[in-house]
Structures are given as structure tokens and as C-alpha cells.
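A.B. asks: below are the sequence and a predicted model for it; my questions follow.
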Amino acid sequence: MDNLASLRDEVLSAAAAAATAAELDEVRVAALGKKGRLTGLMKELGGLDPETRKARGQALNAVKDEVAAALDARKTELEDAALNARLAQEVADVTLPVRPEVSGMIHPISQTMDEVIAIFAQMGFTVAEGPEIEDDFHNFTALNIPPEHPARQMHDTFYLPEQADGSRFVLRTHTSPVQIRTMQNQTPPIRIVAPGRTYRCDSDMTHTPMFHQIEGLVIDKATHFGHLKGCLVEFVQTFFEVSEVPVRFRPSFFPFTEPSAEVDIGCSRKGGELTIGAGDGWLEILGCGMVHPNVLAACGLDPDEYQGFAFGMGIERIAMLKYGIPDLRTFFDADLRWLKHYGFVPLDLPTVTGGLSR
Ligand code: DAH
């Protein structure tokens, strides 16, 4: 066997024996690198006479190609083996039971939303959704808040850049636009709740630029204020899981409802500690009212035929009250210690019959 054939065999068996990508690379450099043995033989071609050079050149090139192909094939083999080993090692047994101490926790916002939805679902409401980037019509005008209405200022709206036609989209300042979208797209009877993110340009101890609300809407031909009251009293009693929470409806104003009310719950603040239930204090928790005829008309519903009620509440606020969370901003700090303390065990979904917050 001449030296080329034995070099070929040597390199091929070294490539086959390489156990790691690094070892294989050493074999490649020793054969085909700048100072490699095959490269060296190529360099000697210049000193040969033309006839010999041609034959030797062809033979060398053939060996070079064969060695390069073998190195490539071995490289793929090693990479596949490494990937398979990693996959085998990282295998996750999804049938293992949840270990609360190592798994994630459900954020109190998600938990509270699930609880509220569970209560209203039990009463026959379905969940509706709408976009977080809204147009002026759905966020304001259709809700009986015309352009010059002072309520627009109270909303601290985030505006998006002006469109070609001069209009500007907004980050929705409340979940009420979902009422409008629902009435535009469904024929009554309507019974929906719409949970989601809302935005206002405001940040201090009790306000964050993004927060969550849940909206409720009932529309048919006969629903009256008595139904609104019964529905919300039932909700409050179930949500707070305290028997006999006093509930008070206090006259108020919202452009999109007439009459309007705010709902307060009874509490006591004895010794600096807030307790929901009996006591001589009151806490406001939500706004509500009978849907304004202008709002029904803006959605193409005849106010002489249809009527109903709406309500809206802040998720963070009711979560803070129920779970004794003192500072609003901590909801958004993504602090794991906080989440371990205030979070909820996954897969333990709240239900009215099985318990909301066991
Ligand atoms: N959209 C109101 C707000 O963000 C809350 C609200 C009050 C919603 C009364 C309603 C309602 O549907 O009837 O402050």
C-alpha cells in the first residue's frame, strides 16, 4: 500500500474512532488543516513532472473528498447522539403529581378573575372579550361620552399616534367598550361578563398605568333595577365568602347608566385591621346602573323595546380587600417571594360549589 492509501485508511479510522466533536475536529485539522498531512501532500504536487502531477493530483483529490465526506458524516452522527442524550436526560414525566413547593403559583389577579367568572357563570353569564387598543367610538362616544364631555378628562387616556384621518386609537380606559361590541354583535337576551386589562396614565400608591377590570352586561326586555340589585348582592356574598356581608347601593353618576349607583360593602377597621363583613365602615367596590337609552341606541337597539343593567369593577381592588394585600404596586413587581405568599396552587380551579379560594 502506498503512503496515500495508508494515510486515507488512517484518517478514516481516526474519524470513526472520534468520540466527541472536539476529537473529530482534531482529526480534521491534522488531515485537512493548513498544516495537515493531506494538505502537505497537495503542496508537493508543484515539484512533480506534469504527467505524474496529473495522476497524483486526481488521486489526492479523490482521497480529500472521501475524507471530507467521512468527517461530515461522523460529525452529524456525533451531533445526533449528543442531542438524543440530552433529550433522554431532560425528559419530563408529565404524569407526576404537582409539587407546590417547586411549581409556579397562580397570581392573585388570575385567581380573582377566575373566581368572579365562576360566580357569574353559575348565574348564566358567558365571557366576552374585546381589544385593548380601542377606537374613540367604542371607548367613549357610544358610551354616551361625547367629545367635549368632562368624563374624558377623568380617564387619563393613553392616546396612540394620529391616523391619516386625524382620529386616534386609545388604550381602553375601561372594559365598558366590550358592552358596546357585544350589543353590536349579539341580539338580546344578552348576559356577559368581560374581564381584561385596562390602561390609564396614572401612577401612585393606589394607581398603576395598567390594571384589570371586569364588566357585566344584561340586556333583554324586562330586566329592572331589582334584578341588578339581586345579582350584585348575590355576587358580593359569594365572592367574599363571609356570611352576611352588608351591601349598600349609593346613588352615583356614570354617563352610560341612568340611574347609576356605587356599591359599598360593610367592613370594620377595629385596631387598624380591615375586616369585611359586619362593622360600621363602608368600602366602595363597584359601579353599576341601568344601561342609558343613548347607549342602547348607539348600538342599534331600540330603547323602547330593550333595557338592562351594567356594572364594572376593579379586579386589583377586590383582590386586595379579599386577600388582605396592602399595596397595589406589588401586584406588578414580579417578586417570587410575594407570589409564594399571596399566590394560589395551580390546577385548583375555583368553583362556586367546590369552593372559591380553598
Ligand atoms: N367603566 C367604569 C369605570 O371604569 C366602571 C363602570 C361603572 C362600569 C358603572 C359600568 C357601570 O358598566 O355601569 O370607572
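C.D. replies: Nice, thanks for sending it over. Just so it is clear, the model here is predicted, and its values are computed rather than measured.
A.B. asks: when you work out contacts or count neighbours from here on, use the C-alpha atoms and nothing else.
C.D. replies: Will do.
A.B. asks: ramachandran coordinates for Met183?
C.D. replies: Recorded main-chain torsions at Met183 are phi -70, psi -30, according to degrees, to the nearest 10.
A.B. asks: what's around it, how many residues?
C.D. replies: For Met183, the neighbour count with other Cα atoms under 10 Å is 21.
A.B. asks: again, but for Met290
C.D. replies: 23.
A.B. asks: now the one 5 residues further on
C.D. replies: Other residues near Val295 number 22, with proximity taken as other Cα under 10 Å.
A.B. asks: go on, Ile285?
C.D. replies: In terms of burial, Ile285 registers 17 neighbours under the definition other Cα under 10 Å.
A.B. asks: Trp338 now?
C.D. replies: A count of neighbours around Trp338, defined by other Cα under 10 Å, yields 13.
A.B. asks: make sure it is indeed in a helix.
C.D. replies: Yes: judged by DSSP: H, G, I helix; E, B strand; the rest coil, Trp338 forms part of a helix.
A.B. asks: distance of it from the ligand?
C.D. replies: Distance, Trp338 to the ligand, using Cα to the nearest ligand atom, to the nearest Å: 27 Å.
A.B. asks: what about stretch 169-185, how long is it end to end?
C.D. replies: 21 Å (Cα to Cα, to the nearest Å).
A.B. asks: whoops, I mixed them up, stretch 139-158
C.D. replies: End-to-end distance (Cα to Cα), stretch 139-158: 12 Å.
A.B. asks: what does stretch 172-179 give?
C.D. replies: 13 Å.
A.B. asks: quick one: check it for contact with the ligand.
C.D. replies: Yes: applying Cα under 6 Å from any ligand atom, one finds that stretch 172-179 is in contact with the ligand at 174, 176.
A.B. asks: how about stretch 222-242?
C.D. replies: No: Stretch 222-242 does not reach the ligand (Cα under 6 Å from any ligand atom); its nearest approach is 10.2 Å.
A.B. asks: contacts for that stretch?
C.D. replies: Contacting residues not belonging to stretch 222-242 are listed as 115-116, 119-120, 243-245, 247, 276-277, 289-290, 306-309, 322, 352, 356 [Cα atoms under 8 Å, 6 or more residues apart in numbering].
A.B. asks: within range of the ligand, give me the residues from the stretch 201-350 of the chain.
C.D. replies: Residues of the stretch 201-350 of the chain that fall close to the ligand, judged by Cα under 6 Å from any ligand atom: 215, 254, 257, 287-289, 310-313.
A.B. asks: Gly40: which element?
C.D. replies: Assessed by DSSP states H and E, Gly40 sits inside helix 37-44.
A.B. asks: buried ones in that helix?
C.D. replies: 37-39, 42 (16 or more other Cα atoms under 10 Å).
A.B. asks: re earlier: list only buried entries from the contacts of stretch 222-242.
C.D. replies: By 16+ other Cα under 10 Å, the contacts of stretch 222-242 give 115-116, 119-120, 245, 247, 276-277, 289-290, 306-309, 322, 352, 356 as buried.
A.B. asks: just checking, which of those residues belong to strands?
C.D. replies: Judged by DSSP state E, those include 247, 276, 289-290, 307-309 as members of strands.
A.B. asks: closest point of the stretch 101-250 of the chain to the ligand, which residue?
C.D. replies: Here the stretch 101-250 of the chain gets closest to the ligand at one residue, His174, 4.5 Å apart by Cα to the nearest ligand atom.
A.B. asks: identify the residue nearest Met210 in space, chain neighbours excluded?
C.D. replies: The shortest distance from Met210 to any residue other than its chain neighbours is 4.5 Å, reached at Tyr199 (Cα to Cα, 6 or more residues apart in numbering).
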